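**Q** coords below, sequence missing:
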């Protein structure tokens, strides 16, 4: 199994990414993300791999890659269509510098999924609202 990591260009947060994908799924199913470069290790990526999205400078969520197929841009240029599971799975936030295109990501290097069993933080209600928003944006709370 092998993953991909890619910048989410445009959305300022995961909520915007989710809204864009929801609309794209509604108007042009199945849900796909397109990229110019075609992965050469398709079998490994499609054997349980995910795409890890970098949103606003942090790896924040992942989606399972169900299929990779060749499609065309509007001008007829070939591209790779990554067919995605619509579920966005939160991962432990990790800062990531900008890069072009996508990169392979080994499973042992991928951020862990956020555990739903993690105890809720105590005392957040005493923090000023702006600080709480800033910490949430950085995926620290």
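**A** Nice, I can see it. Just so we're clear, the structure is a prediction, and the values are computed from it rather than from any experiment.
**Q** Is residue 80 in contact with residue 68, as I believe?
**A** Yes. Applying C-beta atoms under 8 Å as the test, residue 80 and residue 68 come out as touching, 5.8 Å apart. Quick note: C-beta positions are derived from backbone N, CA and C, even for glycine.
**Q** Give me the common contacts of the two.
**A** Counting by C-beta atoms under 8 Å, 6 or more residues apart in numbering, the common neighbours of residue 80 and residue 68 are 38, 39.
**Q** Show me which positions of the longest helix seen in the chain end up buried.
**A** In terms of residue count, the longest helix belonging to the chain (DSSP state H) is helix 14-27. Within helix 14-27, the residues that qualify as buried are 14, 17, 21, 24, counting by 16 or more other C-beta atoms under 10 Å.
**Q** Let me know the closest of those residues to residue 58.
**A** residue 14 (9.7 Å; C-beta to C-beta).
**Q** That closest one against residue 58, yeah?
**A** No. Using C-beta under 8 Å, residue 14 makes no contact with residue 58, being 9.7 Å away.
**Q** pull the helix or strand with minimum mean pLDDT from this structure.
**A** In the chain, the helix or strand scored least confidently by mean pLDDT, DSSP states H and E is helix 129-137, which has a mean of 78.
**Q** List the buried residues of that one.
**A** So for helix 129-137, nothing qualifies as buried (16+ other C-beta under 10 Å).
**Q** where does this protein dip in pLDDT?
**A** By pLDDT under 70, the low-scoring segments of the chain are 116-121, 137, 139, 141.
**Q** For it, list the residue farthest from the centre, please.
**A** residue 126 (31.6 Å; C-alpha atoms, centre = their mean).
**Q** Find the centremost residue of the chain, please.
**A** Note: the chain centre (C-alpha atoms, centre = their mean) maps to residue 53, 2.5 Å.
**Q** and the gap between that one and residue 36?
**A** 17 Å (C-beta to C-beta, to the nearest Å).
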